[in-house]
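Undergrad: Generate coordinates for the sequence data below:
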Amino acid sequence: AVNALLGHRLCSRDSDEAKAEWYRVVEGDHELWEEISEPYKNTIRAFLVHFQQNILRQSSMRFDFANGSIGNYFFAGARIFFRSLEAAIFLYSRVSGIPEGALVLPAVCTEDRLTLGAELQDGTMIRGQNEISHPAVTQSPASLPNSSRTLQGPGSEGAQLVNKNADLQAPLESPISRVMYLSYEGMTHEHEIHLEVNPRVAQQLGKSTCVVYGMGSLYTSLCPSLILNGVGECIASRNVNKILLLNGWHDREIHGYTAVDCVHAVSSALNRKHLQHAPSQYITHLLVPKDGAVYSPADDDAALAEMNIQVIEVASLDPEGDGQCRFDAEALTQVISELSQPQ
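TA: Below is the predicted model of the structure:
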């Protein structure tokens with residue numbers, strides 16, 4: 001019941017309906033609370049209320065709750081309250097019942113406000129995750145039922161919607177060359193900052209029996225964890241299987257990319273500007289969803305074989321019927337389980 005609540009998303013079709021549903025959750029009246037014990041309910045509600053109070057302090061901004069995740073709001077409330085990412089992770093892990101043997105660690109230890117930046121191949125600099133992957137588009141909530149929403153200021157003509165569908169986003173003027181962290185005040189190379197990986201992450205990588213790079217937004221989700229000082233060194237030193245899960249479709253960040261391009265992006269992020277390791281020292285296996293749009297045998301097989309990277313096709317699903325293939329969870333788990341056995 002707790003995971004059903006934390007995994008719940010508010011109404012995506014109508015902002016007012018989503019807001020009304022949010023208030024039912026915060027006030028404890030939503031039906032999702034019915035099977036949750038009072039101690040859990042009081043704990044979770046406390047941080048949802050804290051999140052709501054912080055929204056209300058933004059007097060000049062309107063928050064659109066459409067398609068919002070209760071779990072994300074709970075985590076954000078805990079993060080704001082504790083002023084510690086690790087403390088928020090610990091609380092969420094305990095409340096959601098993540099198994100004792102599982103570790104969820106922040107890649108970097110800092111309470112500073114950081115900004116992600118990207119340098120394009122033509123030298124252009126872009127500041128901010130949203131501007132890199134999904135600049136806001138003004139449309140009605142009903143037109144983009146799977147979008148996430150953001151704060152919007154007064155005078156907006158419509159909800160500022162977050163949607164990573166490449167068909168709804170103008171492509172970048174030039175492909176991304178690399179991503180970096182920027183100080184909060186700037187957006188040029190002079191404001192780039194170099195962060196060390198969390199020592200606990202380095203310790204776990206140093207004794208890993210398998211490394212898996214998850215699918216998702218390549219440059220704004222995966223690479224920011226790979227460019228930290230020490231990550232490339234740790235992974236390259238391990239003589240274990242290293243698995244990259246390839247996305248099943250293109251988004252704005254990898255518009256026009258082949259599977260080989262994605263491999264090079266990961267390898268480049270891990271090498272940063274200082275290391276010279278071959279891609280096969282970071283990736284030994286590439287798992288691709290069957291019938292996905294990014295991997296093409298004709299375009300990728302020869303180059304991947306030359307890099308000594310093995311391709312494994314995994315059964316996939318297309319739940320929306322829109323050609324965006326996702327890994328079948330059971331099939332993916334089986335393949336990773338087999339590859340993660342000690343060599």
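Undergrad: Poorly predicted segments of this structure, please.
TA: Judged by pLDDT under 70, the chain has its weakly predicted residues at 59, 136-169, 186-187, 343.
Undergrad: show me the contacts for L105.
TA: Neighbour list for L105: E86, I89, N198, R200, V201, Q204 [criterion: Cβ atoms under 8 Å, 6 or more residues apart in numbering]. (Glycine included, C-beta is placed from N, CA and C.)
Undergrad: Please verify my assumption that the fifth one contacts V104.
TA: No - when contacts are counted by Cβ atoms under 8 Å, V201 is not listed as touching V104 (10.7 Å).
Undergrad: Which of these two has more residues huddled nearby?
TA: Between V201 and V104, V201 has the larger neighbour count (other Cβ atoms under 10 Å), namely 20 against 10.
Undergrad: measure that one to V231 for me?
TA: 8 Å (Cβ to Cβ, to the nearest Å).
Undergrad: what touches both of these two?
TA: Common neighbours of V201 and V231 (criterion: Cβ under 8 Å, 6+ apart): A107.
Undergrad: does L287 sit in a helix, a strand or a coil?
TA: Here L287 is strand, with the state taken from DSSP: H, G, I helix; E, B strand; the rest coil.
Undergrad: Let me see the contact set for it.
TA: Contacts for L287 (Cβ under 8 Å, 6+ apart) come out as I243, L244, L245, L246, I312, V314, F327, L332, V335, I336.
Undergrad: So what's the residue count around E320?
TA: Close neighbours of E320, defined as other Cβ under 10 Å, add up to 9.
Undergrad: Quick check: nearest residue in space to E196, chain neighbours excluded?
TA: Closest residue in space to E196, ignoring its immediate chain neighbours: N229 at 4.9 Å, by Cβ to Cβ, 6 or more residues apart in numbering.
Undergrad: and that neighbour, how many neighbours?
TA: Number of residues near N229 (other Cβ under 10 Å) recorded here: 14.
Undergrad: thought it was touching L195?
TA: Yes - with contact defined as Cβ under 8 Å, N229 reaches L195; the gap is 6.8 Å.
Undergrad: thinking again about what came up before, out of the contacts of L105, the closest to E111 would be?
TA: Relative to E111, the closest of the contacts of L105 is E86; by Cβ to Cβ it sits at 10.1 Å.
Undergrad: The closest one: what's its closest spatial neighbour, skipping adjacent residues?
TA: P106 (5.9 Å).
Undergrad: how far away is the one you found from V211?
TA: Per Cβ to Cβ, P106 is found 18 Å from V211.
Undergrad: which ones are touching F51?
TA: By Cβ under 8 Å, 6+ apart, F51 lies in contact with Y73, F74, A76, G77, I80.
Undergrad: could you dump those to JSON lines with neighbour count, distance to T188 and secondary structure?
TA: Formatted as JSON lines, those follow (neighbours: other Cβ atoms under 10 Å; distance: Cβ to Cβ, whole Å; DSSP: H, G, I helix; E, B strand; the rest coil):
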{"residue": "Y73", "neighbour count": "22", "distance to T188": "34", "secondary structure": "helix"}
{"residue": "F74", "neighbour count": "26", "distance to T188": "37", "secondary structure": "helix"}
{"residue": "A76", "neighbour count": "18", "distance to T188": "30", "secondary structure": "helix"}
{"residue": "G77", "neighbour count": "23", "distance to T188": "34", "secondary structure": "helix"}
{"residue": "I80", "neighbour count": "14", "distance to T188": "30", "secondary structure": "helix"}
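Undergrad: Alright, that wraps it up for me.
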